[in-house]
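[1] What would the 3D arrangement of this be:
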Amino acid sequence: MDILCLDLEGVLIPEIWQAVAAETGVDALLKTTRDIPVYDDLMRMRLEVLEQEGITASTITKVIDTLDPLEGAAEFLDWARQHYQIAILSDTFYEFAAPFMAKLGHPMLLCHRLEIENDRITGYRIRQPDPKRCSVQAFHSLKYRVLAAGDSFNDVPMLQEADVGFFFDAPANVLEQYPEISGVYGYEALKAALIDA
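    Numbers count the residues shown, from 1 in each chain. Predicted coordinates:
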């Protein structure tokens with residue numbers, strides 16, 4: 001059975017940091033990898049903003065507890081499980097993603113960890129350098145065919161390394177930079193693209 005690698009935020013769940021921005025009124029947290037492609041640059045900016053604004057880990061957790069997967073995401077995953085092994089490859093953190101995993105039927109999740117002291121997010125630990133590409137390479141080493149879908153610049157290594165990769169609901173600025181990667185909109189279109197792949 002083929003493996004389907006999916007990004008999490010923007011593909012299956014809302015953008016967590018944007019939800020935190022909406023709740024706290026801190027517009028700097030609206031930026032994602034669609035805006036700042038280098039993940040370390042983005043996270044350093046986020047940590048500085050959290051410190052400046054006094055936003056705690058528990059504040060973020062409370063916001064996450066109010067969020068649900070994107071409409072249709074759980075049903076899409078139920079369909080996908082019938083056809084593929086599922087691996088979620090994300091630049092989020094286990095500490096943020098756990099509530100969503102319960103709502104999505106606990107798919108395998110490969111992501112990062114936060115460093116938290118006294119309710120302050122002080123840093124983060126990347127699972128490994130270039131984690132999305134390396135994960136696909138690892139699946140290839142096990143002789144799997146890999147399909148993938150993501151929505152942003154940080155998904156490009158995964159999409160390029162996969163046997164077949166798709167942008168899902170990606171913005172125009174991402175699609176324009178990588179015209180060789182097909183874009184689809186909505187879960188029904190993604191299903192059709194995967195079936196044809």
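[2] now do the same end-to-end measure for stretch 79-92.
    The distance separating the two terminal residues of stretch 79-92, taken as C-alpha to C-alpha, to the nearest Å, comes to 24 Å.
[3] go on, stretch 32-48?
    As for stretch 32-48, its first-to-last residue distance stands at 15 Å under the measure C-alpha to C-alpha.
[4] For the protein, which segments count as strands?
    3-6, 85-93, 108-117, 120-125, 146-150, 164-168, 182-184 (DSSP state E).
[5] Check the average confidence over stretch 2-15, would you?
    Per-residue pLDDT values over stretch 2-15 give a mean of 97.
[6] I'd like the distance from that stretch to the chain centre, please.
    Chain-centre distance of stretch 2-15: 5 Å, with C-alpha atoms, centre = their mean, to the nearest Å.
[7] buried set for it?
    Applying a neighbour-count criterion of 16 or more other C-beta atoms under 10 Å, one finds 3-15 buried in stretch 2-15. The way it works is simple: take the backbone N, C-alpha and C, and place the C-beta from them, glycine included.
[8] that older thread, nearest to Met101, of the strands of the chain?
    strand 108-117 (5.9 Å; C-beta to C-beta).
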